[in-house]
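[1] One predicted model, sequence on top.
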Amino acid sequence: MKKHLLLVSTLAITLMSAQNNEGLKREFERQNKENNEKFDSYVSKRYGANKSPEVLKEIEEQRANLAGFSGNVPNFYKVDDQNQIYNNNVDALTTAGGVTGLTGAFKGENIKYTIFDGGRIYAAHTAFNNAAGRIVNQEAATNAYSAHSTGVASIIAAKSSPLTATSNGVAISGNAIGVALNSTMDSYRFATTTLPGGTSTSTVFQKILIAQPKISNHSYGVNAAWDYKTTADGYPADGWYWGGNYISGNNYDLMGTYYTNDQSYDAIVYNNPTYTIVKSAGNYFGFGPGYAGSPTTSYYYNGTGFTAYPDGTAPAANCAQGFDCIGYGSLAKNIIVVGATDIITTNNSRYTAPSDVVRSDYSSAGPRDDGGIKPDIASPGTNIWMASTAEDTTGSISWQINSGTSMAAPQVAGIIGLWMQIYKSLFNNAELNAAASKTLMVHSASEAGTVGPDPWYGWGYINAKKGAELLVGKSNNSVLFNDETLTSGTPNKKVVKASGTEPLKVTISWIDPEYVINSSSWAVLYNYRVSRLINDLDLRIIDTVTNEVYTPWKLNATSPMTPATKGDNTVDNVEQVVIDAPVAGRNYRIEISNKGTLKNNAGANAPQNYSIIATGYNELVLGTSEISKASGIIIAPTITKDIVKVLKASKRSTFNIYDLTGKKLQSGVINSDEVSVDLSSYTKGIYIVEVKTEKETISKKVIKE
């Protein structure tokens, strides 16, 4: 049976709303204790008085990797070439001159990734020896090195490493070069362990709060449906085991279910909005009795042990209808979940059309049960060259070719880290926050599958170069890319003039407060369609001539394989509106509003921050008139390297400076006949000088050389 690596993640939690990390720390400590008590009960029922050394070792390993429970069934964490660099256009960022408007190459300098995985990264591997101190293992040295962790790290950050191998007698070659080969990495296990200097164990959620990352990779997840187990895993027989529940002749599972781990990830990101989490979608598509020639025997947990399914009662294979096999923990709103695709080998390994992108047959499909789009993005995951090591405390240098969403996720994490580096270089060391990184990824994605989002590829196929180009566009004011704040009940509006040469496209995303899971009833867990949004923002584009309203993409929760439609999206904290053929020169109004009352994660009324990108326009219309001769006011020169003067404006008038995205950069009061405005600190581009008098508001475009 083909084996794919992924990791499984979920810690059973009943998370109270928390406004800060200290509150989360206390809650995670309580949950860790509660989870251990529930596991002790499971051990007592399953193993009874059997306390042989082999059983004790198995129990402790299970305890460390405990992810959560599907009812009374425990779930455990498990670990989920140069072609992919070309597939994703990463080489445009790592090569000087690869992106117009960027000088130099971007290879992850001064960017730190945090890797949560199955064991320690083997820091002495030659994949990382291009600089000292690239890997810092934060776990105790008694923890074994992991081939999976080392491979994930190499996909993010290995130096150029040309390799050859033999497969079925045929020589094959590749390069295990990573995305950000000059970056650094911190390494943690996803298992519950005692960190150096600690006095008690820490779960993966507690470790995140300790690490305080800016970007992290999580190539693990939960399979809460069919999974293949063997006697070597401690099961009574080789066969298929149901990870859900079988109750009174009915089968239930937590695939597609927003559950306690999703709540935890969302709470962490809400409290730490500059932190981006990237996570694998899972490798369980099609798993079930008879998969790939495997045995047809099947078992379920009856509360005390495992029992064979009665004839005709076993559930269908995972994703039997083509959707709904992403496990809880990979369904959070505020993280980025990655599906896997086959490597593109045609067209010199470059994407040219949606048909180039083929879902890897194992890659788990969404959506979330309420119809929320998962995975968020797709990236190559099959036959990826990566570093490896012996899984002990000594380690070794080896290489392998592997497949899984575990291989796809670190490519996305690597690319977002490079975007963070570019953002810092363009905007005075500013942080690319979690909402902005997701907005950038979604807006720049290449189309895959059907038009619009879908349950296999999410918003499409990640495109590193396009994302970098949008960042350059923000820097020269040709792209609207802002962090904004919405006040409840007061829509944010802006008018743009369509270029007509490309679609008018607007994308927003926001970090939504965690949805609190306060019930263990299957009636509110299994295939529950109620939206998990707390704050439902609405994006619309209105044609100012015809008043036609354009709405965002959305999936049908009960028929997600049907191509996405457009309408009122009430489940996603990403919304995108596209007008394929806008009228050139026509004004379109972008509106962002909300339903109900906006809240924070303590339940109090609060404004909601969001990120927005708009492309396909050539002018932001500020609603001011161009200067007229009758006003007598002069704004000159209109082409400058530094100073623009405002002449003959009445006293107590005011001036404002805007970039073309509508962001106010400077303002002041006019108290004399001549005022000098300094533009020297701004990048080259077009700016708008606005003057407000008691009688009128006038504006003038100025070119900064």
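    Yep, that arrived. None of these values were measured; they are calculated from a predicted model.
[2] beta partners of residue 590?
    residue 494, residue 541 (DSSP bridges).
[3] Contact partners for it?
    493, 494, 495, 496, 506, 539, 540, 541, 612, 614 (Cβ atoms under 8 Å, 6 or more residues apart in numbering). Just so you know, the C-beta spots here come from the backbone N, C-alpha and C atoms, and that holds for glycine as well.
[4] As a markdown table, these with pLDDT and distance to residue 408 would be great.
    Putting the contacts of residue 590 into a markdown table (pLDDT from 0 to 100; distance: Cβ to Cβ, whole Å) gives the following:
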| residue | pLDDT | distance to residue 408 |
| --- | --- | --- |
| 493 | 93 | 38 |
| 494 | 94 | 36 |
| 495 | 94 | 39 |
| 496 | 94 | 35 |
| 506 | 98 | 27 |
| 539 | 98 | 28 |
| 540 | 98 | 33 |
| 541 | 98 | 32 |
| 612 | 97 | 27 |
| 614 | 97 | 29 |
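[5] Count residues in the vicinity of the residue lying closest to residue 563 once chain neighbours are set aside, would you?
    Nearest residue to residue 563, sequence neighbours excluded (Cβ to Cβ, 6 or more residues apart in numbering): residue 450, at 4.3 Å. Counted with other Cβ atoms under 10 Å, residues neighbouring residue 450 total 15.
[6] What separation do you get for residue 450 and residue 369?
    20 Å (Cβ to Cβ, to the nearest Å).
[7] And the helices in the stretch 401-550 of the chain?
    Ranges of helices in the stretch 401-550 of the chain, per DSSP state H, counting those that start in this stretch, are 405-426, 434-444, 464-475.
[8] on that earlier part again, drop anything exposed from the contacts of residue 590.
    Among the contacts of residue 590, those classed as buried by 16 or more other Cβ atoms under 10 Å are 494, 495, 496, 506, 539, 540, 541, 612, 614.
[9] these two touch, right, the fourth one and residue 539?
    Right, residue 506. Yes. Counting by Cβ atoms under 8 Å, residue 539 is a contact partner of residue 506 at 6.3 Å.
[10] What's the mean pLDDT across the longest helix seen in the chain?
    Secondary structure assigned by DSSP state H gives helix 21-47 as the longest helix of the chain. Averaged over helix 21-47, pLDDT sits at 72.
[11] tell me what it is packed against?
    Counting contacts by 3 or more Cβ pairs under 8 Å, 6 or more residues apart in numbering; DSSP states H and E, helix 21-47 packs against helix 53-64, strand 66-70, helix 204-211, helix 260-271.
[12] closest to residue 41 out of those?
    Residue 41 sits nearest to strand 66-70 of all the helices and strands packed on helix 21-47, at 10.4 Å, using Cβ to Cβ.
[13] In the chain, which residue is most central in space?
    Nearest to the mean C-alpha position of the chain, by Cα atoms, centre = their mean, lies residue 336 at 1.6 Å.
[14] Now do the contacts for it.
    Residue 336 touches 276, 277, 278, 279, 376, 377, 412, 416, 437, 438, 441, counting by Cβ under 8 Å, 6+ apart.
[15] What's the separation between it and residue 377?
    Applying Cβ to Cβ to residue 336 and residue 377 gives a distance of 6 Å.
[16] joint contacts of the two?
    The contact lists of residue 336 and residue 377 share 412, 441, where a contact means Cβ under 8 Å, 6+ apart.
[17] My read is that residue 366 contacts residue 375, right?
    Yes. Counting by Cβ under 8 Å, residue 375 is a contact partner of residue 366 at 6.0 Å.
[18] okay but the residue nearest to residue 563 is in contact with residue 555, surely?
    No. Counting by Cβ under 8 Å, residue 450 does not reach residue 555; the two are 10.5 Å apart.
[19] overlap in contacts of the two?
    residue 564.
[20] any shared contact partners between residue 506 and residue 539?
    576, 577, 590.
[21] Considering the buried ones among the contacts of residue 590, which is situated nearest to residue 314?
    Closest to residue 314, out of all of the buried ones among the contacts of residue 590 and judged by Cβ to Cβ, is residue 539, at 43.5 Å.
[22] on that earlier part again, among the contacts of residue 590, which one lies nearest to residue 633?
    Taking the contacts of residue 590 together and measuring to residue 633 by Cβ to Cβ, the closest member is residue 495, at 23.5 Å.
[23] wouldn't that closest one be in contact with residue 545 here?
    No. Assessed by Cβ under 8 Å, residue 495 is found out of contact with residue 545, at 11.9 Å.
[24] burial measure for the residue nearest to residue 510 when sequence neighbours are not counted, as a count.
    Distance criterion Cβ to Cβ, 6+ apart; nearest residue to residue 510, sequence neighbours excluded, is residue 610 at 3.8 Å. Applying other Cβ under 10 Å, we find 27 residues neighbouring residue 610.
[25] Which of the three states applies to residue 610?
    Three-state assignment for residue 610 (DSSP: H, G, I helix; E, B strand; the rest coil): strand.
[26] circling back: could you export the helices of the stretch 401-550 of the chain to JSON lines, including columns for mean neighbour count?
    Output for those, formatted as JSON lines (neighbours: other Cβ atoms under 10 Å):
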{"stretch": "helix 405-426", "mean neighbour count": "27"}
{"stretch": "helix 434-444", "mean neighbour count": "26"}
{"stretch": "helix 464-475", "mean neighbour count": "22"}
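[27] Of all those helices, which one is nearest residue 518?
    So among those, helix 434-444 is nearest, using Cβ to Cβ, at 25.4 Å.
[28] Just want the angle from that closest one to helix 405-426.
    Interaxial angle of helix 434-444 relative to helix 405-426 (axes from the mean of the first three to the mean of the last three Cα atoms, to 10 degrees): 110 degrees.
[29] Let's see helix 434-444 as CSV, backbone CA atoms only.
    Extracted C-alpha coordinates of helix 434-444, given in CSV (Å, rounded to 0.1, in the frame of the first residue of the first chain):
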residue,chain,number,x,y,z
ALA,A,434,-1.5,36.9,8.9
ALA,A,435,-4.5,38.5,7.2
ALA,A,436,-2.3,40.2,4.7
SER,A,437,-0.3,37.1,3.9
LYS,A,438,-3.5,35.1,3.2
THR,A,439,-5.0,38.0,1.1
LEU,A,440,-1.7,38.1,-0.9
MET,A,441,-1.6,34.4,-1.4
VAL,A,442,-5.3,34.1,-2.5
HIS,A,443,-5.2,37.2,-4.8
SER,A,444,-2.0,36.1,-6.6
